[in-house]
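[1] Need a 3D model of the following:
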Amino acid sequence: MAFMVKSMVGGQLKNLTGGLGGEEKGESDKSPAEAQGMTREEYEEYQRQLVEEKMERDAHFAQRKAERATFRSHFRDKYRLPKNETDDNQIQLVGGDVELPKELAKMIEQDNEEEQEKNSVIGQLSNIQNLDLDSLKGKASATLEDLKQSAEKCAVM
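    Model (predicted):
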């Protein structure tokens, strides 16, 4: 109660007198270390730790941004889209050698495998409608067997 009265009346009294009276040492005159209840050395160590943690967070964030940029660059290359300079800058900012996260690398690997299957001869044949690959394979293997048998019967060979 006394504190409230002092703060309400004291502040107005100071304003009225212009602060000519004796200066009282208030909480605002304390150093930041004293305000938090630490010694100066503890406070400096605390500040150092905060700065280190912030640097680690920033480095981790930059790494994640570079990973995403690498991922986007991969798909730009794959689909022949124009390159983005900001992605290249983010990758270079981290050091240029960025590994994709495991999940993203698996996705890209699966995508590449599917694309290779589609680009193969059998993949192209499977795209043709009304084509039975099993019967085609059977006919091809039967033809090979016939060729082997005829080659064994041939006297010249």
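[2] Going by C-alpha atoms from here, please, whenever you check contacts or count neighbours.
    Will do.
[3] Pop out the phi and psi values for residue 66.
    Residue 66 adopts backbone torsions of phi -70, psi -40, taken as degrees, to the nearest 10.
[4] is it true that it touches residue 90?
    Yes: using Cα atoms under 8 Å, residue 66 makes contact with residue 90 at a distance of 5.3 Å.
[5] Of the two, which one has the most company?
    Remark: of residue 66 and residue 90, residue 66 carries more neighbours, 26 against 20, as counted by other Cα atoms under 10 Å.
[6] buried set for the helix or strand containing residue 105?
    Residue 105 belongs to helix 102-119 when assigned by DSSP states H and E. Neighbour-count burial for helix 102-119, with 16 or more other Cα atoms under 10 Å as criterion, is recorded at residue 108.
[7] What is the neighbour count of the residue nearest to residue 42 when sequence neighbours are not counted?
    Nearest residue to residue 42, sequence neighbours excluded (Cα to Cα, 6 or more residues apart in numbering): residue 33, at 7.9 Å. Neighbours of residue 33 under the rule other Cα under 10 Å: 15.
[8] can you tell me which residues contact residue 33?
    Taking Cα atoms under 8 Å, 6 or more residues apart in numbering as the contact definition, residue 33 lies against 39, 40, 42, 43.
[9] State the distance from it to residue 43.
    To residue 43, residue 33 is 5 Å away according to Cα to Cα, to the nearest Å.
[10] again with residue 135
    Noted for residue 135: a distance of 80 Å to residue 43, by Cα to Cα.
[11] These two: who's more crowded?
    Counted by other Cα under 10 Å, residue 135 and residue 43 do not tie: residue 43 has more neighbours, with 16 against 10.
[12] Many thanks, I have nothing further to ask.
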